[in-house]
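Engineer: quick one: sequence plus predicted model below, questions after.
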Amino acid sequence: MPENITNLADDHTGLSDTFVSRRYFQKFETIMSHLGRVGGTMEAEGKLTREEVTILTRYMVALTYTFRALSLKYLMVGRDTGRFFGSLTIDTSDSGFPVASELMTMANDAQQAASHLAGMPSEEQLKEEMVRTIIGEREIPTKLQFALSQRKYYQELVRGSLFWVQNHPESQWIGNLSDERRRFLLHWAAYDTQTNLPVIYLMEVEDTGRTALPKDQRRWPEVQAHLMAQALGGLKLLTIAKGFDEDFDDLHPKRLRRWHIGPMYSHAFTHQTGPLRQVLAEADAPEGQDWALVWTVEELQSESVKQERSGWFGTVEREVFALDPFAGRGADTGATLTERMIILPQRPFQVLAEHNPPGFASVRKFVVGEGGRVLRY
């Protein structure tokens with residue numbers, strides 16, 4: 001392993017060199033910008049609605065802000081700043097993303113960001129002091145550069161709109177079926193602490209309660225707490241949906257989807273095994289094009305409704321969910337369907353197409369061409 005990458009564990013690595021760390025963050029900012037174009041392509045195909053693209057794009061932007069904040073925190077890594085502050089730790093085996101503890105630490109920093117900023121010199125003061133150090137003392141103002149990077153880091157945290165380990169549920173009204181039955185799109189997200197990957201959930205719900213769900217001071221907090229407690233990548237969608245259906249008699253989950261964003265593969269940063277590792281090695285792509293991002297979409301749909309007794313005389317609706325009919329896989333996956341997709345630059349895609357490794361024929365491929373255009377294959 002190169003000297004500028006510190007091996008912390010078999011699958012966790014610290015980026016202890018300034019330029020390596022900056023290249024890593026630049027790579028992710030580029031990937032996130034391309035994912036926005038993928039959303040537009042899927043909307044044009046009718047795979048996503050405008051509202052769904054807007055929601056997913058918002059989470060992608062939040063991830064970009066999170067990576068930007070972390071890049072400022074570790075901007076001076078590897079330099080003699082007079083203070084040891086560690087290095088960014090990434091999961092090189094299963095995700096290619098920063099480990100979840102980085103986001104947890106960032107959340108703690110965010111709670112104290114305002115007080116940190118209040119005790120720091122302003123940007124103008126720090127820049128003026130840098131100029132005096134360069135001209136008067138003929139030295140590189142490394143410690144001042146570090147102080148400025150930390151100030152910018154805390155400023156990003158104060159601005160907010162970042163992707164956290166927990167991103168609590170929000171609701172969006174999408175229409176009424178009748179005066180007594182309203183439709184909402186619920187969405188929430190988490191940074192899975194087991195896989196170190198962002199996970200986004202969208203659930204279409206029909207609400208037959210007396211008060212509309214977002215305005216219901218009793219049900220809405222309960223729904224938010226319930227969904228966040230179930231935001232675990234290891235849980236099957238069927239388990240999440242059935243639990244929700246049974247806990248809320250007047251909320252009926254009709255469609256539940258989950259996006260696992262990642263892993264990110266890069267020959268320079270990760271050591272995952274499998275075909276993509278070989279593809280990226282053989283592609284020998286120039287800096288900035290040595291990557292591939294995989295994501296998986298799971299979907300669970302309700303196919304019918306049955307009535308169950310509730311109490312002595314009442315009945316409630318319960319959803320009957322459709323499971324993947326092929327070879328009994330639905331029982332294993334707990335989903336109606338599962339789809340994998342990948343986005344990668346043109347040169348790695350050419351190598352992937354030439355090799356055509358087993359298992360990739362059914363993977364939807366999005367290729368970044370010249371000028372950042374995203375094409376689907």
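Structural biologist: In hand now; what should we look at?
Engineer: could you use CA atoms for every contact and neighbour count after this?
Structural biologist: Fine.
Engineer: do you know the pLDDT at Asp17?
Structural biologist: Turning to Asp17, the model gives it a pLDDT of 82.
Engineer: likewise for the one 5 residues further on?
Structural biologist: We note a pLDDT of 90 for Arg22 in this prediction.
Engineer: ditto for the one 4 residues further on
Structural biologist: Each residue has a pLDDT score; the one for Gln26 is 92.
Engineer: that one and Leu15: what is the separation?
Structural biologist: 14 Å (Cα to Cα, to the nearest Å).
Engineer: what of Ile31?
Structural biologist: Here the criterion is Cα to Cα. By it, Ile31 lies 19 Å from Leu15.
Engineer: how about Met130?
Structural biologist: From Met130 to Leu15 the distance is 26 Å (Cα to Cα).
Engineer: could you do Tyr65 as well?
Structural biologist: On the measure of Cα to Cα, Tyr65 and Leu15 end up 19 Å apart.
Engineer: check Tyr154 too.
Structural biologist: Separation of Tyr154 from Leu15 (Cα to Cα): 21 Å.
Engineer: and what of Gly359?
Structural biologist: Counting by Cα to Cα - Gly359 and Leu15 are separated by 32 Å.
Engineer: the two: who's more crowded?
Structural biologist: Shown here are Gly359 and Leu15; by other Cα atoms under 10 Å, Leu15 has more neighbours (25 against 8).
Engineer: give me phi/psi at that one?
Structural biologist: When read as degrees, to the nearest 10, the backbone of Leu15 gives phi -90, psi 100.
Engineer: for it, list each beta-bridge partner.
Structural biologist: Bridge pairing for Leu15 (DSSP bridges) gives the partners Ile5, Leu88.
Engineer: tell me how many other residues crowd Tyr65.
Structural biologist: Neighbours of Tyr65 under the rule other Cα under 10 Å: 20.
Engineer: spatially nearest residue to it (excluding sequence neighbours)?
Structural biologist: Among residues not flanking Tyr65 along the chain, Leu162 sits closest, at 5.5 Å (Cα to Cα, 6 or more residues apart in numbering).
Engineer: contacting residues for that neighbour?
Structural biologist: 62-66 (Cα atoms under 8 Å, 6 or more residues apart in numbering).
Engineer: 10 Å - rerun?
Structural biologist: Applying Cα atoms under 10 Å, 6 or more residues apart in numbering, we find Leu162 in contact with 58-69, 103, 107, 156.
Engineer: which of those residues are buried?
Structural biologist: Among the contacts of Leu162, those classed as buried by neighbour count (16 or more other Cα atoms under 10 Å) are 58-69, 103, 107, 156.
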